[in-house]
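Visitor: fold the stuff below for me.
(chains A and B)
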Amino acid sequence: MKICVCIKEVPDSDVPSDKLRIDSNNLKVLPIENISSIVNGFDLNAVELALKFSESVENCTVSIISVGTNLSSDVIKKPIAMGADEIITCDDKKNINIDVHGTALILSKLIKKTGPYDIIFSGRHASDFDMATVPFALSEMLSIPILNIVKTIKKKGEKIILERIITDGYQLIESKLPLIITAGNQVGDPRYPTLRGIMIASKKQIVNYTLDQLEIASEDLEIKVKLENLYFPENENKVEMIEGSDSKEKAIKLIYKLKESGII
Amino acid sequence: MNVLSIIFNEREKFDDSSLEIFTFIKSLDNDKDMNVTSLSFGGDKKYISKLPVDNNFYVELSGENTNQIDVLKTIDFFLLNDKRYDFIIFQKDDMSNYIAPIISYRKNYPYIPDIKQTYSNNSDNIKFIRPVHGESAEGIYSVEKNNPIVLKIRKNSFKKEFLLSIEKDITELLLDIDISQSFTIIETYKTKSEGLQLDEAEIVVSGGRGVGSKQGFENIKNLATLLNGAIGASRAAVEAEWIEPSNLVGLTGKWISPNLYLTFGISGASQHLAGCSNSKIIVSVNTDPDASIFKYSKFGIVEDCNKFIIDLIEEIKKTS
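Guide: Prediction:
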């Protein structure tokens, strides 16, 4: 079998929001200086799900696919260090301001060029623009059905059985292949790279395709939904800190305040 | 102007958060000739027939195992046969999160998810505000009006419009069944969250990493019971398995808007705030005076949350 995982390099989302800056020329949230970017967290969950699946079937290769501009090889090679087999990118300076449509189009061409894949994985959404759209656009472009927020996959003959997370529980689903799958944190923590994995990753050549090689013209990447401004919303809230000599006194004061507000 | 709202009632009766769509529709335009159509999937017809719309279509669902492919096929057919819409609008729920982006790409219509506000509307384009970067920043998105536009609104960002007082006619349609059956939903399992329903409770008591243990969460449950409130949790607490995933509040969990939201040992990551920032009053207890949750709270207490909650429970019992 041949499977792939689409990953995106994003600013680290685990830093306090007041430390983030905005690049107003390119309308992007910038990572803090000295803190490197990361692979989108949900994409790493997808890598974990793909690796688990590949270990449960015979002869399964896992490819990593990514689109961007000036991708940091240390960052996007992390899935290789975790155990994936190869990495394919379209790292092109013309990709700087592409939107979900452009990203999905380039991914679909990369997938057609290097596939076919039995399962295409990705994170449920990227932590920078939270659109949760690219995997669905891919599904339409490639005419492959999609199941979102999948927790586990098992092979059963020619089909697969999977658990899909819904708001109040989960669904057990049987599906034919090929299939697109998105993953969230329910998959569990992504595995740590091993020392051997890190060495393999450092030597691994990234297979890169330019937009020209993928026969994508600039007009194909036309933006339909334009981001015009990006800002941090002002927080006008004023907190009242409740002081007191000990925890008990603060509790009594809080109850008084809440009763005064008519809440309890 | 013609507007289509597509509504999924994942509960047996009627999910009244879909009424937020109609307040949003009013914010699109002051057009007196606006014609609103709704296409509802599932739910009790008694409620559906009172939706504040001009044309009301209804598709009955056979239960929880409805296949998204069948819903897509039904909407495809509906869009081919009904009039042209300027806007096709969804609420944020499991089915819409799946259907809305697919419809947009299938039809080649632009798509904007998680809208919290209509920013401006003129003859050529319309602009919307949506949160980005785990709700820590906001973007203004502009789209030209030469095509139908698919929109999905953010939960709790718009008031709920009222249902009509009388039942009006609805047109029933059948769900199209896709025979390709690329996937089949074998079974749907609903895990019951502990305590009251989170998104319906007036008071929610929530615990985070600072609670420290499953045992510590017992006090969160006790306080929730005492206040007749629901139990919430941050992702850290759910991942530590101190509480069920269905109690998760945040970007990837429940979106709540209670009168009182009490947090214990929650630092206030923007992903968590996304799910609770519409609470009327947030009260937060944290040992770290710089915890970002305080910036969004009305009252803040710097204290060990496990000690404070015991004192709070004791004092509430004394006063009631």
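
Visitor: for the residue nearest to residue B:101 when sequence neighbours are not counted, what are its contacts?
Guide: Spatially, and ignoring its direct neighbours in sequence, residue B:101 is nearest to residue A:136 (3.7 Å; Cβ to Cβ, 6 or more residues apart in numbering or on different chains). Where you see a C-beta, it was placed from the backbone N, CA and C, and this is true even at glycine. Applying Cβ atoms under 8 Å, 6 or more residues apart in numbering or on different chains to residue A:136 gives the contacts A:146, A:148, B:98, B:101-102, B:105.

Visitor: helix/strand/coil for residue A:136?
Guide: Assigned by DSSP: H, G, I helix; E, B strand; the rest coil, the conformation of residue A:136 is helix.

Visitor: neighbours of residue A:207, how many?
Guide: Residues contacting residue A:207 under the criterion other Cβ atoms under 10 Å in any protein chain shown number 14.

Visitor: check which helix or strand covers the nearest residue to it once chain neighbours are set aside.
Guide: Excluding its sequence neighbours, the residue lying closest to residue A:207 (Cβ to Cβ, 6+ apart) is residue A:88, at 4.8 Å. For residue A:88, the host element (DSSP states H and E) is strand A:86-91.

Visitor: which elements pack onto that strand?
Guide: strand A:61-68, helix A:78-82, helix A:100-114, strand A:207-208 (3 or more Cβ pairs under 8 Å, 6 or more residues apart in numbering or on different chains; DSSP states H and E).

Visitor: now render those as TSV, adding distance to residue B:13 and mean pLDDT.
Guide: Below are the helices and strands packed on strand A:86-91 laid out as TSV (distance: least, Cβ to Cβ, whole Å; pLDDT from 0 to 100):
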stretch	distance to residue B:13	mean pLDDT
strand A:61-68	44	97
helix A:78-82	45	97
helix A:100-114	35	96
strand A:207-208	54	97
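
Visitor: relative to residue B:18, which of those is closest?
Guide: Residue B:18 lies closest to helix A:100-114 among those, at 25.3 Å (Cβ to Cβ).

Visitor: in its sheet, what does the helix or strand just after that closest one sit against?
Guide: Using DSSP H and E, the next helix or strand after helix A:100-114 towards the C-terminus is strand A:119-123. Using DSSP bridges, the strands paired with strand A:119-123 are strand A:2-7 (parallel), strand A:179-183 (parallel).

Visitor: is chain B within reach of the helix-or-strand element of chain A with minimal mean pLDDT?
Guide: When the helices and strands of chain A are scored by mean pLDDT, DSSP states H and E, strand A:28-30 comes last with a mean of 73. Yes: Strand A:28-30 is in contact with chain B by Cβ under 8 Å from any Cβ of the partner chain, via residue A:29.

Visitor: would you list the phi and psi of residue A:258?
Guide: When quoted as degrees, to the nearest 10, the phi and psi of residue A:258 stand at phi -70, psi -40.

Visitor: and it, how many residues sit next to it?
Guide: Other residues close to residue A:258 by other Cβ under 10 Å number 20.

Visitor: going C-terminal from the helix or strand of chain B with the lowest mean pLDDT, what's the next secondary structure element?
Guide: The helix or strand of chain B with the poorest confidence is helix B:270-276; it has a mean of 87 (mean pLDDT, DSSP H and E). For helix B:270-276, the following helix or strand on the C-terminal side (DSSP H and E) is strand B:281-286.

Visitor: pairing partners for the helix or strand that comes right after that next one, with directions?
Guide: Remark: after strand B:281-286, the chain's next helix or strand is strand B:299-302, criterion DSSP H and E. Partners of strand B:299-302 in the sheet, by DSSP bridges, are strand A:240-241 (parallel), strand B:281-286 (parallel).

Visitor: list the buried residues in strand B:299-302.
Guide: The neighbour-count check on strand B:299-302 (16 or more other Cβ atoms under 10 Å in any protein chain shown) flags B:299-302 as buried.

Visitor: tell me the two of those residues that are most distant?
Guide: B:299 and B:302 (11.4 Å).

Visitor: list residues touching both of these two?
Guide: Shared contacts of residue B:299 and residue B:302, defined by Cβ under 8 Å, 6+ apart, comprise residue A:241.

Visitor: now residue 141: which helix or strand?
Guide: By default, I'm working from chain A. In this assignment (DSSP H and E), residue A:141 forms part of helix A:134-142.

Visitor: meant chain B actually
Guide: Element membership for residue B:141, per DSSP H and E: strand B:137-144.

Visitor: packing partners for that strand?
Guide: Helices and strands touching strand B:137-144, by 3+ Cβ pairs under 8 Å, 6+ apart, are strand A:225-231, strand B:125-132.

Visitor: make TSV out of those and add distance to residue B:273.
Guide: Listed next are the helices and strands packed on strand B:137-144 as TSV, based on distance: least, Cβ to Cβ, whole Å:
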stretch	distance to residue B:273
strand A:225-231	17
strand B:125-132	10
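
Visitor: deepest-packed of these, please.
Guide: Comparing these by mean neighbour count (mean count of other Cβ atoms under 10 Å in any protein chain shown), strand B:125-132 ranks first with a mean of 21.

Visitor: can that one be said to contact chain A?
Guide: Yes: if you take Cβ under 8 Å from any Cβ as the test, strand B:125-132 does meet chain A, through B:127, B:131-132.

Visitor: residue ranges for the helices of chain B, please.
Guide: B:20-28, B:45-48, B:68-81, B:94-107, B:214-226, B:235-239, B:270-276, B:305-319 (DSSP state H).
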